[in-house]
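Asker: task: produce atomic coordinates for the following.
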Amino acid sequence: MNIDLTETRKKTVPISQYIDSLKQPFKEEFVARKHSYILNQYAIAGIKKFADKYLIVAFSAE
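Answerer: Have a look, this model is predicted:
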C-alpha cells in the first residue's frame, strides 16, 4: 500500500487551527482532554520497534 504523505498533509490542519474552529462546549472539552492526555509508553515502545522499517503517522480523528 502506498500512501501519499504530501496529499495527506494537504487534507489535514494543525491542532491549533482545529481547536480554534471548534464551538463551545466542544472546544473546552477537547482542550481539557488534550491537556490531560498521557502517552501510553508501552504502546510507544511497541511502535518504535517498527520505526526503522515504516513511516508511522499518528493523528486524532474526532
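Asker: which helix or strand lies directly C-terminal to whichever strand or helix holds residue 35?
Answerer: Assigned by DSSP states H and E, residue 35 belongs to helix 26-36. Next along the chain after helix 26-36, taking DSSP H and E as the criterion, comes helix 41-48.
Asker: contacts for that next one next, please.
Answerer: Helix 41-48 is contacted from outside by residue 56, using CB atoms under 8 Å, 6 or more residues apart in numbering. (Glycine included, C-beta is placed from N, CA and C.)
Asker: go again using 10 Å as the cut-off
Answerer: The contact list for helix 41-48 (CB atoms under 10 Å, 6 or more residues apart in numbering) reads 40, 54, 56, 58.
Asker: which SS state does residue 18 fall under?
Answerer: helix (DSSP: H, G, I helix; E, B strand; the rest coil).
Asker: number of nearby residues for residue 1?
Answerer: The tally of other residues near residue 1 (other CB atoms under 10 Å) stands at 2.
Asker: how about residue 19?
Answerer: Neighbours of residue 19 (other CB under 10 Å): 14.
Asker: measure it to residue 12 for me?
Answerer: According to CB to CB, to the nearest Å, residue 19 and residue 12 sit 14 Å apart.
Asker: residue 51 now?
Answerer: Residue 51 is 21 Å from residue 12, where distance means CB to CB.
Asker: and what of residue 20?
Answerer: In this view, residue 20 and residue 12 are 15 Å apart by CB to CB.
Asker: cool, and residue 59?
Answerer: Going from residue 59 to residue 12 by CB to CB gives 7 Å.
Asker: between those two, point out the one with more neighbours.
Answerer: Using other CB under 10 Å, the more surrounded residue of residue 59 and residue 12 is residue 12, with 11 against 7.
Asker: run through the residues that contact the more buried one.
Answerer: Counting by CB under 10 Å, 6+ apart, residue 12 has contacts 18, 57, 59.
Asker: list the residues that contact the last one.
Answerer: Residues near residue 59 by CB under 10 Å, 6+ apart: 8, 12, 15.
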